[in-house]
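Asks: need the 3D shape of this:
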Amino acid sequence: MKDCIVVTCLVLTLGFAPSANGQASRVGSLPVIKRDATTGFSTAGWKYDRYRDTQPLDAHTGIVVADIEGPAVITHMHITRHWPVDTMARGIVLQIYFDHSEEPAVNCPFSDFFGDGCNGKSMYFSSSMIECAPWSYNAYIPMPFKKHAKVVLRNDTDQRVSNLTYVEWETLPEWKEDYGYFHATYERKSIQLTGDTEETFFHVKGSGHLVGRQFSVLTDEPLFKNFELVMEGNNEVDIDGRERALDYLGSEDSFTFSWGFQSTFAGPHAGMPYIQKGDTLALSIYRFHDYMPIRFTKELTWKINWQYEFYWESKQEYLKHVARAAELGGCWVDYATVFYWYQDTPGGYSHAPLSDAADRRGVIVKRSDQTAH
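Replies: Below you'll find the model as predicted:
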């Protein structure tokens with residue numbers, strides 16, 4: 001049984017606003033009575049007790065958890081986790097559609113969406129946006145929409161699951177054009193990592209702001225036994241034609257850690273809830289930019305560039321070993337990524353296709369012409 005490690009983070013944003021006499025209000029938004037808003041609730045998946053007429057989450061079926069008329073904002077999602085974890089973690093897919101868009105704005109295996117990477121092995125943690133709680137997942141991400149929202153769970157496995165999911169929302173008195181629609185996308189790829197590697201992990205066109213990312217990393221390459229080279233690589237963010245508008249030195253530092261990936265940690269904005277060392281290395285990490293979104297008006301590209309690593313002489317021999325191992329077919333690293341952002345359109349993003357559930361829980365793909373989503 002996994003270690004039960006709980007980190008509770010309560011963040012209250014007071015949102016000071018000018019008062020009539022020009023001084024900042026210390027009341028904040030939470031005590032404000034909203035007479036033009038109502039609270040909504042929808043549940044699905046559990047066909048017992050009070051909810052005997054509810055559609056269950058049977059094998060190879062989908063259920064609509066919430067079907068909401070706008071304008072409104074989804075404020076909370078709660079989803080039961082399932083046993084066996086390694087089968088169900090990526091076998092269930094979360095999809096969210098806004099304003100009758102044909103493309104879902106959110107399209108992710110549900111464990112990855114909730115930061116429980118590496119097939120649902122993370123410790124329990126709470127962050128400002130998502131939470132891996134005892135046998136459940138929670139999301140506290142505000143998701144406003146103008147006309148309509150539909151939340152769907154799809155079971156791609158051969159097993160029927162006992163699921164309880166609910167969604168809470170609040171109506172909005174009006175839709176404001178500066179509201180963004182929440183998006184999240186999942187992609188899995190294997191790359192052969194050397195000192196010459198440069199890889200694009202995310203690209204989006206439009207206007208909006210990036211609010212977070214979650215990576216699950218797996219490798220069985222002995223040369224990477226302490227995440228050597230894996231932890232390196234400049235994280236380069238190109239924004240609206242500005243190359244390297246952000247340029248994080250080292251992948252671990254881009255997630256706010258230093259000197260590699262050494263121990264588990266969970267905080268409100270960044271965390272490392274799972275580390276496995278041994279013959280196979282495994283890592284789950286997240287970072288949220290809710291305190292300072294990365295804004296774009298035309299497009300944004302996130303890539304990692306390993307071409308500027310280990311210029312000091314003592315590491316040149318190591319890179320030669322890596323190059324030789326790659327020539328012999330080694331040095332593969334498996335990345336499963338989720339990027340979270342808001343955009344001015346309700347859909348339109350082309351998500352990477354998902355392979356079947358069995359492939360999604362596979363460990364490592366070792367062919368450069370194949371991806372495992």
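Asks: show me where the stretch 151-300 of the chain has strands.
Replies: Listed from the start of the chain, the stretch 151-300 of the chain has strands (DSSP state E, counting those that start in this stretch) covering 165-171, 181-192, 198-205, 208-219, 234-239, 242-248, 265-266, 270-276, 281-288, 294-296, 299-305.
Asks: would you mark the buried spots in the third one?
Replies: For strand 198-205, burial by neighbour count (16 or more other CB atoms under 10 Å) applies to F201, F202, V204. Heads up, the C-betas are built off the backbone N, CA and C, glycines and all.
Asks: quick one: low-confidence ranges for the stretch 1-150 of the chain?
Replies: In the predicted model of the stretch 1-150 of the chain, residues 1-25 satisfy pLDDT under 70.
Asks: same thing but at 80, please
Replies: Residues of the stretch 1-150 of the chain that meet the criterion pLDDT under 80 lie in 1-26, 83-87.
Asks: what are the boundaries of the strands in it?
Replies: Counting by DSSP E, counting those that start in this stretch, the strands of the stretch 1-150 of the chain are 39-44, 61-69, 72-80, 92-98, 106-109, 125-126, 130-133, 136-139, 143-145, 148-155.
Asks: can you say which of those strands is nearest to N226?
Replies: If you check each of these against N226 by CB to CB, strand 125-126 wins as the nearest, at 23.2 Å.
Asks: and the closest one, what does it pack against?
Replies: For strand 125-126, the elements it packs on are strand 130-133, judged by 3 or more CB pairs under 8 Å, 6 or more residues apart in numbering; DSSP states H and E.
Asks: which neighbours does the strand it packs on have in its sheet, and in what orientation?
Replies: Using DSSP bridges, the neighbouring strands of strand 130-133 in the sheet come out as strand 125-126 (antiparallel), strand 136-139 (antiparallel).
Asks: need the ones you listed in TSV with mean neighbour count and distance to T297, can you?
Replies: Formatted as TSV, the entries for the strands paired with strand 130-133 read as follows, by neighbours: other CB atoms under 10 Å; distance: least, CB to CB, whole Å:
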stretch	mean neighbour count	distance to T297
strand 125-126	24	33
strand 136-139	19	27
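Asks: save the ones you listed as CSV, and put in distance to Y340 too.
Replies: Conversion of the strands paired with strand 130-133 to CSV gives the following (distance: least, CB to CB, whole Å):
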stretch, distance to Y340
strand 125-126, 16
strand 136-139, 10
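Asks: dump the strands of the stretch 151-300 of the chain to JSON lines, plus mean pLDDT.
Replies: Putting those into JSON lines (pLDDT from 0 to 100) gives the following:
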{"stretch": "strand 165-171", "mean pLDDT": "97"}
{"stretch": "strand 181-192", "mean pLDDT": "96"}
{"stretch": "strand 198-205", "mean pLDDT": "98"}
{"stretch": "strand 208-219", "mean pLDDT": "97"}
{"stretch": "strand 234-239", "mean pLDDT": "97"}
{"stretch": "strand 242-248", "mean pLDDT": "97"}
{"stretch": "strand 265-266", "mean pLDDT": "96"}
{"stretch": "strand 270-276", "mean pLDDT": "96"}
{"stretch": "strand 281-288", "mean pLDDT": "96"}
{"stretch": "strand 294-296", "mean pLDDT": "98"}
{"stretch": "strand 299-305", "mean pLDDT": "98"}
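Asks: possible to save those strands as TSV with distance to G347?
Replies: Written out in TSV, the entries for the strands of the stretch 151-300 of the chain read as follows (distance: least, CB to CB, whole Å):
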stretch	distance to G347
strand 165-171	19
strand 181-192	8
strand 198-205	12
strand 208-219	13
strand 234-239	22
strand 242-248	26
strand 265-266	32
strand 270-276	29
strand 281-288	23
strand 294-296	18
strand 299-305	17
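Asks: wait, which of the strands paired with strand 130-133 is closest to D344?
Replies: Nearest to D344 among the strands paired with strand 130-133 is strand 136-139; the distance by CB to CB comes to 21.5 Å.
Asks: how far away is A72 from L172?
Replies: 6 Å (CB to CB, to the nearest Å).
Asks: please compute how far the longest helix seen in the chain lies from its chain's middle.
Replies: Using DSSP state H, we find that the single longest helix of the chain is helix 316-327. Its chain's C-alpha centre lies 32 Å from the corresponding centre of helix 316-327 when counted by CA atoms, centre = their mean, to the nearest Å.
Asks: report the angle between the axes of the very next helix or strand once past it and strand 198-205?
Replies: The C-terminal neighbour of helix 316-327 among helices and strands, as given by DSSP states H and E, is strand 332-343. Using axes from the mean of the first three to the mean of the last three CA atoms, to 10 degrees, the inter-axis angle of strand 332-343 relative to strand 198-205 is 20 degrees.
Asks: what's strand 332-343 packed up against?
Replies: Applying 3+ CB pairs under 8 Å, 6+ apart, one finds that strand 332-343 makes contact with helix 110-113, strand 181-192, strand 198-205, strand 208-219.
Asks: distance from the chain centre to the helix or strand where A358 lies, please.
Replies: Taking DSSP H and E as the criterion, the element that holds A358 is helix 357-360. Going by CA atoms, centre = their mean, the spacing between the C-alpha centre of helix 357-360 and its chain's C-alpha centre is 18 Å.
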